[in-house]
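>>> sequence first, predicted coordinates after that:
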Amino acid sequence: MKDFDYTTYGELIADEYDEFFSEYDPASIDLLAELAGGGPALELGIGTGRIALPLHERGIPIQGIDTSEAMVAKMKAKPGGAAIEVLMDSFADFKLEQHFKLIYVVFNTFFALLTQEEQVSCFKRVREHLLDDGVFLIEAFVPDVKRFIDHQTVRIATQTQTSSRLNVSQHDPVTQNITSQNIILSPEGTRIYPVKLRYAWPSELDLMAQLAGLSLRHRWGSWSKDAFTRESKRHVSVYGR
């Protein structure tokens, strides 16, 4: 995908993001608040504040990092959003003065870092910013390369009487990159939103953590702490010193 970088996705989809992805599992807020204790917490890829704002309402002091001015502007316009400080930077390589009880990245956003080197760098930066008893939480999908035929797939994400949202993807198993287009078809016309990610297996994330001086504390198959099994489609992984 030519000219795609880490700012592209957020800048293009900001106006539609909350329409597509406004829902979240309430158990996610419970678990994050539990791990944060009294805080402070840091969200990598804070976006429009879908997770950060409910945590803020719980009284958790929270900051964010993001690369999309448009996404962050959406959050700042929401009740409570203006109170959340956001560093505009890549979370592959960031520097803050504060240390955190909880650093977290959810909804596959860790995979927005498009190389293994960037992902390892993120783990290292996270460790530098954790309190001694702090933890790093990642929530992401478990890769399933079987869904690709000839390294590509077309799927219907949502469909109503008036519109369809399709996901068209190509898979590069060498780089572990997936290049996609979210395509919205409606009477108003066609809208296209590009996405690119670099997936990592849970065991690969564990090795990245070890390289950064962290180790796996917990891995669950859901926000409700269900067991992680070979049938799990997603994982919630928690790392600490």
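Thanks, I have the structure now.

>>> now the residue positioned nearest the centre of the chain, nearest residue through space, not along the chain?
The chain has Thr109 as the residue nearest its centroid, 2.2 Å off, counting by C-alpha atoms, centre = their mean. Spatially, and ignoring its direct neighbours in sequence, Thr109 is nearest to Gly45 (3.7 Å; C-beta to C-beta, 6 or more residues apart in numbering). The way it works is simple: take the backbone N, C-alpha and C, and place the C-beta from them, glycine included.

>>> isn't that neighbour up against Ile65?
Yes. Counting by C-beta atoms under 8 Å, Gly45 touches Ile65, with 7.1 Å between them.

>>> give the contact list for the residue of the chain lying at maximal distance from its centre.
Centroid-distance maximum for the chain: Pro187 at 31.2 Å, with C-alpha atoms, centre = their mean. With contact set as C-beta atoms under 8 Å, 6 or more residues apart in numbering, Pro187 has these partners: 162-163.

>>> before we move on, the earlier item: what about Gly45 and Ile65, which has more around it?
Neighbours per residue (other C-beta atoms under 10 Å) separate Gly45 from Ile65, with Gly45 holding more: 24 against 21.

>>> residue contacts, that one?
Neighbouring residues of Gly45 by C-beta under 8 Å, 6+ apart: 64-66, 91, 105-106, 109-110, 112.

>>> got the domain ranges for this protein?
Domains of the chain are assigned by automatic domain parsing as 8-143+200-240, 145-196.

>>> which of those is buried the deepest?
Neighbour counts (mean count of other C-beta atoms under 10 Å) averaged over each of the domains of the chain peak at domain 8-143+200-240, with a mean of 18.

>>> for this protein, longest strand please?
With secondary structure taken from DSSP state E, the chain has its longest strand at strand 130-141.

>>> in its sheet, what does that one sit against?
According to DSSP bridges, strand 130-141 forms sheet pairs with strand 100-105 (parallel), strand 234-240 (antiparallel).

>>> can you list contacts of the shortest one?
Read it as strand 100-105. By C-beta under 8 Å, 6+ apart, the list of residues contacting strand 100-105 from outside reads 32, 35-45, 51, 63, 91, 126, 129-131, 133-139.

>>> average model confidence for it?
Per-residue pLDDT values over strand 100-105 give a mean of 98.

>>> in this structure Gln116 contacts Tyr199, no?
No. Using C-beta under 8 Å, Gln116 is not in contact with Tyr199; the gap is 10.8 Å.

>>> where in this structure is pLDDT low?
Scanning the chain for pLDDT under 70 picks out 1-10, 18.

>>> can I have the longest strand of the chain written out in CSV, keeping just the CAs?
Listed in CSV are the C-alpha atoms of strand 130-141, where the atom choice follows Å, rounded to 0.1, in the frame of the first residue of the first chain:
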residue,chain,number,x,y,z
LEU,A,130,6.5,1.4,34.3
LEU,A,131,6.6,1.7,38.0
ASP,A,132,8.3,-1.2,39.8
ASP,A,133,4.9,-2.8,40.4
GLY,A,134,3.4,-1.6,37.1
VAL,A,135,2.1,-3.8,34.3
PHE,A,136,1.7,-3.7,30.5
LEU,A,137,-1.5,-5.1,29.0
ILE,A,138,-2.0,-6.0,25.3
GLU,A,139,-5.3,-7.1,23.9
ALA,A,140,-5.2,-8.4,20.4
PHE,A,141,-6.4,-11.1,18.0
